[in-house]
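> here is the input, now give the coordinates:
(2 chains)
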Amino acid sequence: MSVVTLKINDIDVAAEAGKTVLDAAREAGIRIPTLCHLDGVSDVGACRLCLIEIKGIPKLLPACVTEVAEGMDVTTHTPQLDEYRRMTVEMLFSEGNHVCAVCVANENCELQDVAIEVGMDHSRFTYRFPERGVDISHPQFGIDHNRCILCTRCVRVCDEIEGAHVWDVAGRGAAAKVITGLNQPWGDVDACTACGKCVDACPTGSIFRKGSTASELDRDRGKLEFLVKAREENQWTR
Amino acid sequence: MERAELLEQATVAKQAQKRIRLHCCTSTGCQASQSLDVKKQLDAAIKTHNLGDTVEAVGVGCMGFCGQGPMVEIEDADSPAEKKHYQKVTPEQAESIIGSLNGSGEAEAIQGDPNHPFFSRQLLIVREHSGRIDPERIDEYLAVGGYQALHHAIYEMTPAEVVQEITQSGLRGRGGAGYPTGLKWATVAKMPPGQKYIICNADEGDPGAFMDRSVLESDPHRILEGMAIAGYAVGATQGYIYVRAEYPLAITRLQKAIQQAKRKHCLGAQIFDSPVDFTIEIRVGAGAFVCGEETALISSVEGGRGNPRPRPPYPAVSGLHGCPTLINNVETLGNISPIIRNGAEWFAGIGTERSKGTKIFSLTGKIRNNGLIEVPMGITLRQIVEEMGGGVPGGNSVKAIQTGGPSGGCIPDRELDTPVDYDSLRELGSMMGSGGMVVMDDDTSMVQVAQFYMEFCRGETCGKCIPCRAGTVQMYQLLTKLLDEKATKRDLDKLKELCGMVQATSLCGLGQTAPNPVLSTLHYFEQEYLELLQPDPITLAANSRG
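Predicted coordinates:
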């Protein structure tokens, strides 16, 4: 293993060669916001939140796919970068229907966390109120496309870890959306192993496990009756 | 195969041609104006006049003057300098054109002037055979010296020498960004031996551009030869042509050309009986603008979704299936065989100091003579628009020229004396692009132009990265708000801010350049934006209170 030394925000950092700037920064305790990055799966550099400045390179580079190099001089936070990050999050909020109050992921949502981190309290951009639909055809899970930010974590998790490749992206631009199977209802996709890795990967409340909200609670009143009967009459079958 | 044998084939092919050739354009544009019927009638007339021994009608590729098509050109081998051009030929006029060959009266068709600046100002390198040969017959390409450069490269040059020759020529990528071609070749060549690929990028998608289509339709073997030379130079044995499905004629002609070239041992295993192998396959793209971006194109060739990925690694290091891949545009590859044939010095002597050779433009919009032109670098925009293009019809004057498509910008009329080269155009906030050149006149609203290009980008962004996916939508909405005369100064500021953000943070080159049409129109025609602004209600209220 070889080690390189670099500067991140004027702090000298030693990092294993081949690691990314994001890894090195995290190791050094420097936080860079991310949304599409997920430890354990490949990086795509799509959310543009981890953009950093590197001295001598005119372009902003995503920290998640930029490898560390000897003598690199990295800046992770400048007024300009912070402004771009805030604009990015604002645009995410205006493109979907991210209404936290009625979301299953409220207070447990990475998009919400990032919004707080970059200091976004409102969006200056026009809300688009798209009609994107919800798919609850799967017996265990559901997807609300209105809350999807197209980070493609589900796509990568399903392909790279579960090996099922149920998820993919269809459409272009504003019409781009994640799909299951060949754009079938999720419940009809034979390839889905119902492993739930996509639920674990989703940074927002877009992909969720059914039955976790109060209205979906399925109360088993018969169970009480059964327990009483079982104890009294020693009859343990329902 | 010995060189002599190839030359012999060329001579035989040359001798098989008749003394008088009537070149009839059969490219997509002219086919739409019945040029196939014209060709059929010419053939019939040759038969009825019993001229079959000396005269032939040849279906050729594009002659360039698309606005006046279908065109018929008469070339007499005895006096090759005296060419006759007929424009807007109808099938009914074919009879009289053939009749005039005997000297029995004048043809009834509109005669064009072959010495018009539209032609005389041109310098043909890539398009030298375009409109002169039948693209569907390899013999015609051999007759004009085709595949001799490939033979020369394989038998008389080392791969390193070929790369050296291209480097010294100063050729830069014609896809738009102008990256030095030799450097790209050298990078792929220097990668360790093993599987490497050549890809010809024929995914031309800019509004107003049709150069690549025309080159492929008019002279497909030229591109195959260029790819084979590239394959030899960098050590690749497999090539792909990525061409969009909207170009069916180009695809058909390429398929024919590949088959014929294989049969003649100009492609495939053991080219000219040498140990060099090079196979070319066609990959048809579904027509997505983003697939013109190298990494998205590679992903599409692999059968995946045409999404770009962050670079580095560059395709030259890790491209198709993770192997080193050389991607060149159609026009770039079209320059290869002439450079090998005539030498790097010859090529470097054409053009300007930092932009060598010629560039093909598709000249469209509010202009009298529209069509394809190939001009030496360094020619001024004014010479192109006013002399070659004949200016704006209907008494209006030029207001701006849009170059470089959605990645480019608008150049105002006061900058018309700018020489056309990569760096000058970039300094003006535009770019060479793949070569679309749209002329706009006084009546054009520049805000509308910006909105048009933003609408294009909004529809064509792949949606992978947020700035491009959501930013183009927001910019389009702001431009629409401006045009609806509902926008205030704050909206304009927001638009400017968005331009900067999308430019700086988008993942691929297409997103990074998407704001260019807005930025350049804002730079040169800000007044038009300001005129659309409405008073800010908050300021108004404050003033009325005060």
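
> need the residues of chain B near chain A, please.
For chain B, the residues in contact with chain A (Cβ under 8 Å from any Cβ of the partner chain) are B:288, B:290, B:305, B:307, B:309-310, B:458-467, B:469-474, B:477, B:494, B:497-498, B:501, B:504-507. For glycine as for every other residue, the C-beta is placed from the backbone atoms N, C-alpha and C.

> before we move on, what SS does the closest residue to chain A within the stretch 251-400 of chain B have?
Relative to chain A, the nearest point of the stretch 251-400 of chain B is B:Pro310 (4.0 Å; Cβ to the nearest Cβ). Using DSSP: H, G, I helix; E, B strand; the rest coil, the secondary structure recorded for B:Pro310 is coil.

> what distance do you get for the nearest residue to it once chain neighbours are set aside to A:Trp167?
Once flanking residues are discounted, B:Pro310 sits nearest to A:Gly45: 4.0 Å by Cβ to Cβ, 6 or more residues apart in numbering or on different chains. Noted for A:Gly45: a distance of 19 Å to A:Trp167, by Cβ to Cβ, to the nearest Å.

> can you get me a residue count around B:Val276?
19 (other Cβ atoms under 10 Å in any protein chain shown).

> then A:Cys154?
A:Cys154: 26 neighbours (other Cβ under 10 Å).

> can you check B:Lys359 too?
Neighbours of B:Lys359 (other Cβ under 10 Å): 27.

> any idea which element it lies in?
With secondary structure defined by DSSP states H and E, B:Lys359 is part of strand B:358-365.

> could you do B:Tyr242 as well?
Using DSSP H and E, B:Tyr242 falls in strand B:238-244.

> report the strands that pair with that strand, each with its relative direction.
strand B:197-202 (parallel), strand B:279-285 (parallel) (DSSP bridges).

> got the contact list for that strand?
Residues outside strand B:238-244 that contact it (Cβ atoms under 8 Å, 6 or more residues apart in numbering or on different chains) are B:195, B:197-205, B:216, B:223, B:227-228, B:230-231, B:250-251, B:254, B:278-287, B:291, B:297, B:300-301, B:320.

> which of the residues you listed are buried?
B:197-205, B:216, B:223, B:227-228, B:230-231, B:250-251, B:254, B:278-280, B:282-283, B:285, B:291, B:297, B:300-301, B:320 (16 or more other Cβ atoms under 10 Å in any protein chain shown).

> torsion angles phi and psi at the residue lying closest to B:Gln195 once chain neighbours are set aside?
Excluding the flanking residues, the one nearest B:Gln195 by Cβ to Cβ, 6+ apart is B:Cys323, at 4.6 Å. For B:Cys323, the backbone dihedrals (degrees, to the nearest 10) come out as phi -100, psi 160.

> which residues touch B:Cys323?
B:Cys323 neighbours (Cβ under 8 Å, 6+ apart): B:Gly194, B:Gln195, B:Lys196, B:Tyr197.

> sitting in strands, which of those residues do you find?
When the contacts of B:Cys323 are checked against strands (DSSP state E), the matches are B:Tyr197.

> now render the contacts of B:Cys323 as a markdown table, adding distance to A:Ile11.
Output for the contacts of B:Cys323, formatted as a markdown table (distance: Cβ to Cβ, whole Å):
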| residue | distance to A:Ile11 |
| --- | --- |
| B:Gly194 | 41 |
| B:Gln195 | 43 |
| B:Lys196 | 42 |
| B:Tyr197 | 42 |
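
> where does A:Val228 fall, secondary structure wise?
helix A:222-233.

> which residues outside that helix are in contact with it?
So helix A:222-233 is contacted by A:Gln235, A:Trp236, A:Arg238 (Cβ under 8 Å, 6+ apart).

> shaky segments in chain A?
A:213-217 (pLDDT under 70).

> C-alpha coordinates for the helix of greatest length in it, CSV please?
Longest helix in chain A by number of residues, with DSSP state H as the criterion: helix A:79-95. Taking C-alpha atoms only, helix A:79-95 is exported to CSV below (Å, rounded to 0.1, in the frame of the first residue of the first chain):
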residue,chain,number,x,y,z
PRO,A,79,-18.8,30.8,-0.8
GLN,A,80,-19.2,29.8,-4.4
LEU,A,81,-19.3,26.1,-3.8
ASP,A,82,-21.8,26.5,-0.9
GLU,A,83,-24.0,28.6,-3.2
TYR,A,84,-23.9,26.0,-5.9
ARG,A,85,-24.8,23.3,-3.4
ARG,A,86,-27.7,25.3,-2.1
MET,A,87,-29.0,25.9,-5.6
THR,A,88,-28.7,22.2,-6.4
VAL,A,89,-30.8,21.3,-3.3
GLU,A,90,-33.3,24.1,-4.1
MET,A,91,-33.7,22.6,-7.6
LEU,A,92,-34.3,19.2,-6.2
PHE,A,93,-37.0,20.4,-4.0
SER,A,94,-38.7,22.3,-6.8
GLU,A,95,-38.6,19.4,-9.2
